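# Kindly generate the corresponding structure for this input.
(chains A and B)
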Amino acid sequence: MNYHWNWGVFFEETPEGGVQYWELIASGLGWTLAVSALSLLIALGLGAVIGTLRTTDSRWLVRLGNAWVELFRHIPLLVQMFLWYFVIPELVPPLKAWIIGADPVQAQFLAAVLCLGLFTSARVAEQVRAGIQSLPRGQHQAAAALGLTTVQAYRHVLLPMAFRIVIPPLTSEAMNLIKNSSIALTIGLAELTFRARELGEYTFNFFEAFTAATILYVIVAMTVNRVMAWVERRVAVPGYIAGAGR
Amino acid sequence: MDLDFSVIGGAIPYLWKGFRYTVELTLTAAVGGLFFGTLLAMARLSSVRPLALAAGGYVNLMRSIPLVLVIFWFFFLVPLILQGLTGAERPPQVGAERTAIVTFILFEAAYFCEIMRAGIQSIPKGQAHSAYALGLSYGQAMRLVILPQAFRNMLPILLTQTIVLFQDTSLVYVISATDFVGAAAKVAQRDSRLVEMYLFVAVVYFLLCYTLSTLVRQLQKRLAVSR
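You can find the predicted model right below:
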């Protein structure tokens, strides 16, 4: 292999000048984190609601929730990204009018956040449903016997337990979301993988660029993992969930 | 907004070619990934520490970085590795389609490894002990006793992972390979018919994946009953 390693490449200036390559990579990481954080908020909010609806007695709400999950699960994320960025604005004229006037970065960011947020919401909904259904039936019945309404039973009894149970699977969904955010490069969003490839194309130091991106993704994944383990320990109900947050 | 879906009709032969590549890539990666994934799972569960650590490191690394980045890594690595192996003067031209096959086999191996590891661990220890008591070697015990049961237990999950893989292969778009999505994107850009083409692709994927998932669910029910 005659590859010319040059780790100093990160401190060289980009062709545009005034900026060093490490700053490009850092800004890419910033976009990755921003897109991931915002879509995670959407995914957790929507996913919690839809997952809860799927456990109710209303047949239509359950069907609606199931349809939501099936829809987002069975279309490749890349295709969903294209739908949000290229197709939906064409079908919604006011959105199209806004995009023409807006900075392209804003349109890319919006499409990526909506796409990843809704895609992940379907996965969160599935975990939340499983979490609620894993609770013993007696919990719901005891709440009803105490005179709580259905909403109160969910609010004070079922959801507080279910959310604790689903922390570990939601941790891996959050890590998947960060990885999936790289697909936003296909609509031109300059996130971490996009910047790494750009560095490679400008300098031919592909391996240094990809190594940097790989290390950053691993660090982010490990950080999320540790933070969520801490959250899990903090919110654990003593004596209920054994071995929480090791 | 005027939609003209007739653009799809004219592009069918080209789309079909892309679709065939998508299926070919999915099946090759599933079979290859399952093969290497099973070997990795055996390595991870091995009592030889360095082997278990190496396999664990590989699997964890693959699972913690985005597939897009893995595709880029291999797109540049595969020609250099081949050059190293063959001693050629310049890196050979491998092409995006063939690089993608190598990439997906090695990437999926990490995911199939975790499924097979769970499968092997789901078999009661007594099975392995009895196999050894009958005089079977490690290889024989694995091949004849443990793995057939592990495959059977994990079959629905292996199939679900293959459906995920079928969707993930669309990411070869990033190295301009002409899979189903790649073919549709090229037609869409040539004819300026993005809305029609991408809607068509989404509908095809949805119908296929939804049908396959339903079949897997039925299989899962049947397996659960017979146990």
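# got any ranges where chain B has weak pLDDT?
Where chain B drops to pLDDT under 70, the residues are B:1, B:225-227.
# so where's the longest helix in it?
helix B:6-44 (DSSP state H).
# Following the chain onward from that one, which element is next?
Next in sequence after helix B:6-44, counting helices and strands by DSSP states H and E, comes helix B:49-64.
# Run through the residues that contact the residue nearest the centre of chain A.
Nearest residue to the geometric centre of chain A (C-alpha atoms, centre = their mean): residue A:177, 3.3 Å. If a contact means C-beta atoms under 8 Å, 6 or more residues apart in numbering or on different chains, then residue A:177 has A:36, A:39-40, A:43, A:116, A:120 as its contacts. Bear in mind the C-beta positions are built from the backbone N, C-alpha and C, glycine included.
# Out of the residues you listed, which sit inside helices?
If you go by DSSP H, the contacts of residue A:177 have A:36, A:39-40, A:43, A:116, A:120 in helices.
# if we can go back for a sec, what helices or strands is the longest helix of chain B leaning on?
helix B:49-64, helix B:96-121, helix B:147-168, helix B:180-191, helix B:194-226 (3 or more C-beta pairs under 8 Å, 6 or more residues apart in numbering or on different chains; DSSP states H and E).
# Residue A:210 is in contact with residue A:199, correct?
No. The criterion here is C-beta atoms under 8 Å, and residue A:199 misses it with residue A:210 at 9.1 Å.
# Skipping adjacent residues, who's closest to residue B:119 in space?
residue B:150 (3.4 Å; C-beta to C-beta, 6 or more residues apart in numbering or on different chains).
# burial measure for that neighbour, as a count.
Applying other C-beta atoms under 10 Å in any protein chain shown, we find 22 residues neighbouring residue B:150.
# is it true that it touches residue B:124?
No. Using C-beta under 8 Å as the test, residue B:150 is too far from residue B:124 to be in contact (11.6 Å).
# roughly how far is the helix or strand where residue A:72 lies from the heart of the chain?
Using DSSP H and E, residue A:72 falls within helix A:59-73. With C-alpha atoms, centre = their mean, to the nearest Å as the basis, helix A:59-73 stands 20 Å off its chain's centre.
# Contact partners for residue 89?
Just going to use chain A. A:95-96, A:99, A:107.
# and it, that's in a strand?
No. Counting by DSSP: H, G, I helix; E, B strand; the rest coil, residue A:89 is located in no strand; its state is helix.
# pLDDT score for it?
Note on residue A:89: pLDDT of 93.
# swap in the one 10 residues further on?
The predicted structure scores residue A:99 at 88 on the pLDDT scale.
# Now do the contacts for it.
A:89, A:107.
# Does it lie in a helix or a strand, and which?
Judged by DSSP H and E, residue A:99 forms part of helix A:93-101.
# List the buried residues of that helix.
By neighbour count on 16 or more other C-beta atoms under 10 Å in any protein chain shown, the buried set for helix A:93-101 is residue A:99.
# before we move on, what about stretch B:65-82?
For stretch B:65-82, burial by neighbour count (16+ other C-beta under 10 Å) applies to B:65-80.
# same thing with stretch B:197-204?
B:197-202, B:204.
# need those in JSON lines with distance to chain A, can you?
Output for those, formatted as JSON lines (distance: C-beta to the nearest C-beta, whole Å):
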{"residue": "B:197", "distance to chain A": "9"}
{"residue": "B:198", "distance to chain A": "5"}
{"residue": "B:199", "distance to chain A": "6"}
{"residue": "B:200", "distance to chain A": "10"}
{"residue": "B:201", "distance to chain A": "6"}
{"residue": "B:202", "distance to chain A": "5"}
{"residue": "B:204", "distance to chain A": "10"}
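# Which member of those is positioned nearest residue A:74?
Nearest to residue A:74 among these: residue B:202, at 9.5 Å, using C-beta to C-beta.
# That closest one and residue A:78 touch, don't they?
No. Using C-beta under 8 Å, residue B:202 is not in contact with residue A:78, being 10.4 Å away.
# Residue B:11: what's its closest spatial neighbour, skipping adjacent residues?
Nearest to residue B:11 is residue B:187, by C-beta to C-beta, 6+ apart, at 4.4 Å.
# Quick one: name the residues of chain B near chain A.
B:1, B:61, B:64-69, B:72-73, B:76, B:80-81, B:83-84, B:167-168, B:170-171, B:173-174, B:181, B:185, B:194-195, B:198-199, B:201-202, B:205-206, B:209-210, B:213 (C-beta under 8 Å from any C-beta of the partner chain).
# What residues sit buried inside stretch A:139-152?
Residues of stretch A:139-152 classed as buried by neighbour count (16+ other C-beta under 10 Å): A:140, A:143, A:148.
# Show me how far the worst-scoring helix or strand of chain A on mean pLDDT is from its chain's centre.
Ranked by mean pLDDT, DSSP states H and E, the helix or strand of chain A with the weakest confidence is helix A:93-101, at a mean of 89. In terms of C-alpha atoms, centre = their mean, the centre of helix A:93-101 is found 26 Å from the chain centre.
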